[in-house]
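**Q** sequence plus the predicted model coming up.
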Amino acid sequence: MAQTRRKRQTKHRGNAAGVVESRGRTGRKPTAAEKKGDRQALAREKEQLLDKRDRPPTWRGAFLKAMIASIVLLFVVILVLKQSNSAISLFPVVLALYTVISYYSDKFIYDRRQRKKASQAGGRAPS
């Protein structure tokens, strides 16, 4: 038997003029600059969000990078050497070493960038 009831429409309904109105904002809350419509403040916020190189390195970020690199190395060793037992037993050691190396290399690059920004700013510390 054919279905007689139509499914309920929830998202887009036109008004009498045929214009479809959107439901409104459903994502994150707008920032203060977005609420006011201040273009300069909005541009500053966007610039701060976009430049991830100015954030100091974290151990968590280093661990996640090391985890990905260790898993890739694990698969390569298993495929090339076909020794899964030795590769799996070395995984925690490689993960620990990669985490430390990743953190300190990120810290070196971050410190170098901050020194370069400070020298370009005339010796002032970056805000």
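**A** Noted; the coordinates are in hand.
**Q** in what helix or strand does the closest residue to residue 70 other than its chain neighbours lie?
**A** Spatial nearest neighbour of residue 70, excluding adjacent residues (C-beta to C-beta, 6 or more residues apart in numbering): residue 95 at 4.5 Å. Backbone N, C-alpha and C define where each C-beta goes, glycine included. Element membership for residue 95, per DSSP states H and E: helix 84-120.
**Q** so what secondary structure elements neighbour that helix?
**A** helix 59-81 (3 or more C-beta pairs under 8 Å, 6 or more residues apart in numbering; DSSP states H and E).
**Q** report the angle between the helix it packs on and helix 84-120.
**A** Put simply, helix 59-81 runs at 140 degrees to helix 84-120, going by axes from the mean of the first three to the mean of the last three C-alpha atoms, to 10 degrees.
**Q** next one: the residue nearest the centre of the chain from residue 42, what distance?
**A** When C-alpha atoms, centre = their mean is applied to the chain, the residue found nearest the centroid is residue 52 (8.9 Å). Distance of residue 52 to residue 42, given as C-beta to C-beta, to the nearest Å: 19 Å.
**Q** try residue 55
**A** For residue 55, the distance to residue 42 - C-beta to C-beta - is 20 Å.
**Q** which one's more surrounded, those two?
**A** residue 42 (15 against 11; other C-beta atoms under 10 Å).
**Q** by mean pLDDT, point me to the weakest helix or strand of the protein.
**A** helix 32-36 (a mean of 70; mean pLDDT, DSSP states H and E).
**Q** same for whichever helix or strand comes after that helix, what does it pack against?
**A** Using DSSP H and E, the helix or strand that follows helix 32-36 in sequence is helix 39-50. Helix 39-50 sits against helix 32-36, with contacts defined as 3+ C-beta pairs under 8 Å, 6+ apart.
**Q** can you name the residues that contact the residue nearest to residue 70?
**A** By C-beta atoms under 8 Å, 6 or more residues apart in numbering, the contact set of residue 95 is 66, 67, 70.
**Q** about what we covered before: for the residue nearest to the centre of the chain, give its distance to residue 40.
**A** 22 Å.
**Q** swap in residue 101?
**A** Using C-beta to C-beta, one gets 41 Å for the distance from residue 101 to residue 40.
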